[in-house]
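From the sequence below, what's the structure:
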Amino acid sequence: MSGAGQLELQSVRFGHEPGGWELRIPSLTLGGEGMCGIAGPNGSGKSTLLELAAGLRRPDSGAVSLDGRSLAGMGRKAVARRLGYLPQECPALFDYTVEQVAAMGRHAHGGRLTPDAPGDIAAVSRALDAVRMESFRRRRLSQLSGGERRRAWLASALAQEPGLLLLDEPTQALDLHHAAAVMEALARKAADGLRIVVALHDLNLAALYCDRLILLQDGQVAADGPPDEVLSSGRLEALFGRHVEVVRHPDTQKPVILAKK
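As a prediction, the model looks like this:
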């Protein structure tokens with residue numbers, strides 16, 4: 001795994017259209033915690049923020065830097081060796097096997113679609129094991145459910161072995177059991193030193209697994225801090241326009257968000 005990187009967004013502004021929606025980030029640093037969650041209503045800017053942080057979009061103004069170097073001035077392979085990114089949707093042009101999907105993550109290190117170097121083979125195996133897909137290694141994408149395909153693509157991101165990993169809704173299309181399993185796998189990776197920034201719709205998963213939680217509203221940071229401090233009934237009602245109650249789980253003492261009629 002490469003050394004954990006640190007992303008900094010300074011005076012970043014990005015708009016989808018003139019006079020329309022705009023993401024405005026005066027100052028934000030990512031990569032200092034094991035797992036940082038990003039949450040907010042649909043359209044609040046979660047995916048756009050991650051795309052800017054990954055260097056896939058360039059801000060209209062401001063700068064994004066990785067370990068003090070401008071992301072825009074770095075080559076894609078140099079970025080990929082330190083920074084990984086998994087979008088919400090991962091369209092496949094070919095019917096790859098799960099092993100080949102995972103091996104795509106080794107491209108930044110010079111790896112092949114069919115891994116043959118010992119380091120690549122080991123990285124792919126570790127990634128598949130982390131997402132409980134080792135037994136699916138020879139299956140093709142067309143033979144998988146939506147949730148299984150999602151875990152295969154997550155294995156690709158883990159096999160890349162960056163220092164900092166950006167994930168956009170990694171639990172999308174997963175049932176409760178597999179969503180929790182994915183978050184447990186990410187928590188183990190975070191404990192081993194990987195720095196993870198993850199966009200999540202499920203606030204209860206965010207409360208349980210994230211060390212830090214950033215709430216976005218209308219393209220701006222509405223709150224930033226430990227989930228215990230960020231997740232309050234009043235703030236969530238203002239953010240989502242729905243009556244909620246925040247209670248403490250009797251075992252973990254983590255916040256639990258309950259919808260109210």
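
Skip the chain neighbours and tell me the closest residue to Ser27.
When the adjacent residues along the chain are set aside, Ser27 lies closest to Gln10, with 5.8 Å between them (CB to CB, 6 or more residues apart in numbering). Quick note: C-beta positions are derived from backbone N, CA and C, even for glycine.

Low-confidence regions, the protein specifically.
1-4, 18-19, 111-112 (pLDDT under 70).

for the residue nearest in space to the middle of the chain, helix, strand, or coil?
Geometric centre of the chain, nearest residue: Leu167, 1.7 Å, by CA atoms, centre = their mean. Following DSSP: H, G, I helix; E, B strand; the rest coil, Leu167 is assigned to strand.

ditto for Arg24
Arg24 - assigned by three-state DSSP - is strand.

Each with direction, which strands does the helix or strand encompassing the residue nearest to Ser27 pair with?
Assigned by DSSP states H and E, Gln10 belongs to strand 7-15. Next to strand 7-15 in the sheet, as set by DSSP bridges, lie strand 22-30 (antiparallel), strand 61-66 (antiparallel).

who wins for proximity to Lys260 among those strands?
Ranking the strands paired with strand 7-15 by proximity to Lys260 (CB to CB) places strand 22-30 first, at 30.6 Å.

got the buried residues for that closest one?
Glu22, Leu23, Arg24, Ile25, Leu28, Leu30 (16 or more other CB atoms under 10 Å).

what do you get for stretch 219-229?
Result for stretch 219-229 [16+ other CB under 10 Å]: buried residues Gly219, Val221, Ala222, Ala223, Pro227.

partners of Met35 in the sheet?
Counting by DSSP bridges, Met35 forms beta bridges with Ile196.

is it true that it touches Tyr209?
Yes - using CB atoms under 8 Å as the test, Met35 is close enough to Tyr209 to be in contact (5.9 Å).

Now for the two: what residues contact both?
Common contacts of Met35 and Tyr209 (CB atoms under 8 Å, 6 or more residues apart in numbering): Leu186, Ala187.

mind listing the strands in the stretch 151-261 of the chain by residue range?
Secondary structure of the stretch 151-261 of the chain (DSSP state E, counting those that start in this stretch): strands at 164-168, 195-199, 212-217, 220-225, 244-248, 255-259.

Please export the alpha-carbon coordinates of the fourth one; PDB is fine.
Spelled out, that is strand 220-225. Presented in PDB, the C-alpha positions along strand 220-225 are these (Å, rounded to 0.1, in the frame of the first residue of the first chain):
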ATOM      1  CA  GLN A 220     -21.700  23.700   0.600                       C
ATOM      2  CA  VAL A 221     -20.400  22.100   3.800                       C
ATOM      3  CA  ALA A 222     -23.200  22.300   6.400                       C
ATOM      4  CA  ALA A 223     -21.400  20.400   9.100                       C
ATOM      5  CA  ASP A 224     -18.000  18.700   9.600                       C
ATOM      6  CA  GLY A 225     -16.900  16.700  12.600                       C
END
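
For that strand, enumerate the helices and strands it packs against.
Here strand 220-225 touches strand 22-30, strand 212-217, helix 233-240, going by 3 or more CB pairs under 8 Å, 6 or more residues apart in numbering; DSSP states H and E.

Direction included, what does it pair against?
Counting by DSSP bridges, strand 220-225 is paired with strand 212-217 (antiparallel).

how about the CA coordinates for stretch 44-51, as CSV?
Output of stretch 44-51 as CSV, limited to C-alpha atoms (Å, rounded to 0.1, in the frame of the first residue of the first chain):
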residue,chain,number,x,y,z
SER,A,44,-26.1,18.3,-2.5
GLY,A,45,-22.7,17.7,-4.3
LYS,A,46,-21.4,14.4,-2.9
SER,A,47,-20.4,12.9,-6.2
THR,A,48,-19.1,16.2,-7.6
LEU,A,49,-16.9,16.7,-4.6
LEU,A,50,-15.4,13.2,-5.0
GLU,A,51,-14.8,13.8,-8.7
